[in-house]
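**Q** for reference, the sequence and a predicted model appear below.
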Amino acid sequence: MTATLSEPAAVGEVPTFDVTLRIRRFTPETHGDEAYWQEFTIQAHGTDRLLDALHKAKWDVDGSLSFRRSCAHGVCGSDAMRINGRNRLACKTLLKDLDPEKPITVEPIKGLPVIKDLIVDMEPFFASYREIMPFLVSESQKPTKERLQSAEQRERFDDTTKCILCAACTSSCPVFWTDGQYFGPAAIVNAHRFIFDSRDDAGAQRLEILNDKEGVWRCRTIFNCTEACPRGIEVTKAIQEVKRAMVTRAY
Amino acid sequence: MATAPAGTLYRGREGMWSWVAHRVTGMLIFVFLLVHVLDTSLVRVSPEAYNAVIGAYKNPIMGLAEAGLVAAIVFHAFNGIRVILVDFWWNGPRRQKLMMWIVLGLTFVLMAGFLPRHLGNVFGGH
Amino acid sequence: MQIHQYDVVIVGAGGAGMRAALESSSRVRTAVISKLYPTRSHTGAAQGGMCAALANVEEDNWEWHTFDTVKGGDYLVDQDAAEIMAKEAIQAVIDLEHMGLPFNRTPEGKIDQRRFGGHTAEHGKAPVRRACYAADRTGHMILQTLYQQCVARDVEFFNEFYVLDVLLDTDLRDGTVADGEEVAVSGVVAYDLATGETHVFQAKSVVFATGGAGRIFKTTSNAHTLTGDGMALALRAGLPLEDMEFFQFHPTGLAGLGILLSEAARGEGAILRNSEGERFMERYAPTIKDLAPRDMVARAMANEVREGRGCGPHKDYVLLDLTHLEPAHIDAKLPDITEFARTYLGVEPYTEPVPVYPTAHYAMGGIPTDIDARALRNNTDVVHGLFAAGETACVSVHGANRLGTNSLLDINVFGKRAGIAAAAYAATAEFVPLPESPADAVVEQLEAIRSRASGERVAELRAALQQTMDANAQVFRTNESLTQALADVKALQARYADVHVQDKSRQFNLDLLEAVELGFLLDLAEVVVTGALAREESRGGHFREDFPSRDDEKFMRHTMAYRHGDTVTLDYKPVVVTRYEPMERKY
Amino acid sequence: MTTIDAPRSPRMTRTTRRTTRGNVEMVGWLFMRISGVVLVVLIFGHLFVNLVAGEGITGINFGFVAGKWADLRWQIWDLLMLWLAMIHGANGVRTIINDYAEKDSTRLVLKVLLLTAFVTTVVLGTLVIFTFDPCPAGSPADLLPSFCTA
Ligand SMILES: Cc1cc2nc3c(=O)[nH]c(=O)nc-3n(C[C@H](O)[C@H](O)[C@H](O)COP(=O)(O)OP(=O)(O)OC[C@H]3O[C@@H](n4cnc5c(N)ncnc54)[C@H](O)[C@@H]3O)c2cc1C
Ligand code: HEM
Ligand code: SF4
Ligand code: F3S
Ligand code: FES
């Protein structure tokens, strides 16, 4: 794999260009307790994602640069980070869509404790998720075959089944940033997934949990979550539906 | 951690900025309301006292501030309606950006109607 | 170093691992160790479906399913295992539905089913709708549903813990332990990514469910983290690996990227075309055309490209055409994969055909097990307390070529069996004492890499490995290409002895772990290539241009690869044949 | 909302989360919306009458106010506006305090301040509206509304 810059690009060849990444680093073991910015300039191709650029920086320049990743195509939820000021998945962000002329700023997602570089402690996030009973509760006798559910009933909660627990939404929410106590959009999305599932019997309990002072009522319809969700889930809409279900249940 | 370099500002969009504005205007109106009730209370002291304070509202600087306050209230009110629609109208969340521009538009139109009249009163003398 | 004690330790929290955990944790004290958060496992990437002969939309039965599996696997399938899988498939799907999985539904409200490659009615007469699915996110839903159930039952997870050694009470590494002798597992050694500490888990039963090894290739649909850890650890401990030369190349990876476009696209009617616009699969599989098994389609595609009918500036891919499908239909059935095409290639599948080329996808081989998921240390003896399930295991239900949707099925059926068997064993067995200083080998290995001041770079070695595997051990193989690959791998292994990392820290030292994973990849690549060299025939996913036909006489048997010292040696194991005698595989 | 501090760990883990199941927050939330809608009418009406109609701000003086409050309907109007706006505003500010006060002690202090301001203002305002005398004895007649001549 040698550089092919000197050769004229063939027809249809993906163009090659240089990008600069400006990465917010935090490496307490070697650089003390303060975050700092480091710039990497690397060569990229037209179809490269930001994740490819991060890999190049790590693999070819500085191996200590740390970030999580796995699937590399937006389905595992490992690599949510703040790219040019907005939460996105590095593996779903094409460099050419980012204006590679200017340095690309990469920071860890906000509101969760940073452990190293772009890696944050996800435990508080998962703790909220676990609290909303994210599993089907069915009191009825299980049939020997499948339970029936119409296509319309399934459609009711289809959107929120797409969640990959990447935390892009929760960590983009200004209410969550304030004290990290708000359940956060992701937990509500996952509650929504069950509350509106015709087979589930614990909707009332989940609504009860989210009626908490750190629950849905803290949402101020800011929409950062909806903008950030890499799965295109209409997060705020889901939250709205949960709020309305709560109001109708109470009155 | 005093000198850690600041991170960047989160680049939220319509939803975030309208929330920031809603919060700021709400706070502003609240503080004004406290003052406003106090000054109005002076009617219980004496007509002279009340008129003296109200006189202060009529000078050009206060007049401008007053205009700003009205703008804040108008925006807060319209955006409040937008928030309510987002919460209760099934299609609200999908239309929030459009509604945000409508809020700004309505605020602008209303202020365009109000300002000449008000500033005319403030600067126009008696 | 910390020591934990559990009845059952499950390594891996993908579909197989969590399915096992659900069974095991309700019976005995169970821990699940995973190098990723459970929901990050690659099961979540699976798209198309999970098959079972529910007969919800068309007549179907498990016997046909068994036949298709055997035939699809080019008769290298152990038929007793395939029969179990096909039979238990139905309950496996119902189990998932009861756990809450949101399957797509028929108008009557039953689980909907669709077509998939190689699944037929009446022994090959016509394609049948057998794949149960949830849009093109079936794997995502399975992974989420299983995790949800684990949350409901408070399963204990050790997340971001890398298992780096399996502890046996007998040293099998030099291959001198006689057949029939009792060998048992005593636990595993894990490395906590967050702190850099080692943890020893003593356990009566250990279940390996560490997934695939696609990263030995460059173009792959597999995650960066699919480095075959479980397989490599077993190999290093002296256990054999079965049928590793059979690797599935999925026909429709996004050209140049390897990201998968599910076979479901063809199941829903998409068509493969070459540069002349021809539906070339009509020539290769006249009956079921684009829905032929993957090995055949992948080969056909590679052949079109070789013969100059490829598309694009370099004529190096073919096209997957969905343009005749209704956009609404595409949105309802294939939303995610069309988005991949848009995001990563900038192609609009409603109106433009999508460039595709085969991508390394699935390891048919793995740790040999019996039908109760018990790991074998030779052709007959189990290692007491050691189990394997999922892609990392080889039961063998996939033989020489896995049918689409049979893997999600595999992880559910054999994951469940592994969980039950592991718990049952642990309920009666005693703890096996741990060796003297159980973590020493791991600590030494890590420290050697970490403390080396300079040497070979991980990324460079890995790129070279993947390069040679793609060039020499992919869809078409020859004696010459494989010999080259083996030489390259050997050379890389030598260089690997001198590997070093830049990151010297303890917390989240992913640099270090990537180096360890590279070691696994190199070991496995060697086994794949060695097995492929020796198998002088073409069968399923393994195609030798110098031996283009199947040779049942010599090779109707499983490869068992061992590593004793520094060399890989091969042995063979008979295939279990119950009902179906090998026939020529035609579609 | 300006720059980002080094992220803080959550103050407490979920097991110690102080749960307030009950409908307080929901009632607050609903009240914000209902009062909001009513306030639009009340405040816009108020602003129109005071700042736009007639002589606008220049026309406001003791006489103007007294003239309005002589009418029971304006008394009710303003009283309602006072109460709704104060509750709405105070509840809004309470949310803001909850969001940004980092220490429990600061939070408490701010809330006590808020409560004090709220009570004083509401009590004062209410008293003024109800005990208001449009024609205080001994005041110059030209400052008073016309109907005081009697
Ligand atoms: C893109 C794609 C699409 C697919 N589509 C389908 C389909 O439609 N139908 C179908 O049937 N099959 C499909 N497959 C195949 C199927 O998804 C996989 O074979 C199956 O999900 C594997 O599951 P698993 O549980 O064995 O492994 P995985 O889900 O990969 O899980 C492996 C687990 O092991 C853990 N692990 C690995 N190494 C270690 C270690 N050293 N220490 C601790 N933990 C470790 C990981 O953290 C992870 O939790 C698809 C595969 C891919 C890649
Ligand atoms: C004119 C009509 C008004 C309407 C329609 C209105 C509407 C609203 C709504 C709907 C909210 C809730 C926002 C949310 O939950 O996200 C709100 C918040 C608020 N309002 Fe009003 N309001 C009005 C007038 C006022 C007045 C007069 C005051 C001041 C006394 C005020 C102060 C506040 C404050 C401080 C908040 C909290 C802001 C926040 O939490 O971000 N509002 N308003
Ligand atoms: S809702 Fe979207 S952004 Fe939030 S965790 Fe789920 S997938 Fe990520
Ligand atoms: S950003 Fe936050 S405030 Fe609500 S709409 Fe989204 S959760
Ligand atoms: S790496 Fe899996 S979502 Fe980005």
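**A** Noted; the coordinates are in hand. Ligands and ions are numbered 1, 2, ... in the order given.
**Q** and the residue of chain B that's closest to chain A?
**A** residue B:15 (2.8 Å; Cβ to the nearest Cβ). To be clear about C-beta, it is placed using only N, CA and C from the backbone, and glycine gets the same treatment.
**Q** residues touching that residue, list them.
**A** Residue B:15 is in contact with A:221-224, A:226-227, A:236, B:96-97, B:100, counting by Cβ atoms under 8 Å, 6 or more residues apart in numbering or on different chains.
**Q** cool, residue C:432 as well?
**A** C:169, C:184-187, C:204, C:385.
**Q** tell me which helix or strand it sits in.
**A** For residue C:432, there is no enclosing helix or strand under DSSP states H and E.
**Q** re the thing from before, out of the contacts of residue B:15, which end up buried?
**A** Buried members of these, counted by 16 or more other Cβ atoms under 10 Å in any protein chain shown: A:221-224, A:226-227, A:236, B:96, B:100.
**Q** re the thing from before, which of the contacts of residue B:15 lies closest to ligand 5?
**A** Nearest to ligand 5 among the contacts of residue B:15, counting by Cβ to the nearest ligand atom, is residue A:227 at 17.4 Å.
**Q** what's the nearest residue to that closest one if we skip its chain neighbours?
**A** Nearest non-adjacent residue to residue A:227, counting by Cβ to Cβ, 6 or more residues apart in numbering or on different chains: residue B:13, 5.7 Å away.
**Q** so how far is ligand 4 from the one you found?
**A** To ligand 4, residue B:13 is 11 Å away according to Cβ to the nearest ligand atom, to the nearest Å.
**Q** re the thing from before, after the helix or strand harbouring the residue of chain B closest to chain A, which helix or strand is next?
**A** Residue B:15 belongs to helix B:14-41 when assigned by DSSP H and E. As assigned by DSSP H and E, the chain's next helix or strand after helix B:14-41 is helix B:47-57.
**Q** what comes into contact with that next one?
**A** Helix B:47-57 is touched from outside by B:39-40, B:42-43, B:62-63, B:66, D:57, D:60-63, D:65-66, D:136, D:139-140, D:143-144, with contacts defined as Cβ under 8 Å, 6+ apart.
**Q** the very next helix or strand once past that helix close to ligand 2?
**A** Sequence-wise, the next helix or strand downstream of helix B:47-57 (DSSP H and E) is helix B:60-88. Yes. Judged by Cβ under 6 Å from any ligand atom, helix B:60-88 comes into contact with ligand 2 at B:73, B:76-77, B:80-81, B:83-84.
**Q** save those as JSON lines, and put in pLDDT too.
**A** Listed next are those as JSON lines, based on pLDDT from 0 to 100:
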{"residue": "B:73", "pLDDT": "95"}
{"residue": "B:76", "pLDDT": "96"}
{"residue": "B:77", "pLDDT": "96"}
{"residue": "B:80", "pLDDT": "96"}
{"residue": "B:81", "pLDDT": "96"}
{"residue": "B:83", "pLDDT": "96"}
{"residue": "B:84", "pLDDT": "96"}
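**Q** in a markdown table, list these along with distance to residue D:80 and neighbour count.
**A** Below are those laid out as a markdown table (distance: Cβ to Cβ, whole Å; neighbours: other Cβ atoms under 10 Å in any protein chain shown):
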| residue | distance to residue D:80 | neighbour count |
| --- | --- | --- |
| B:73 | 17 | 23 |
| B:76 | 18 | 26 |
| B:77 | 16 | 24 |
| B:80 | 17 | 22 |
| B:81 | 19 | 18 |
| B:83 | 22 | 22 |
| B:84 | 19 | 17 |
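**Q** which of those lies closest to residue C:293?
**A** residue B:83 (55.8 Å; Cβ to Cβ).
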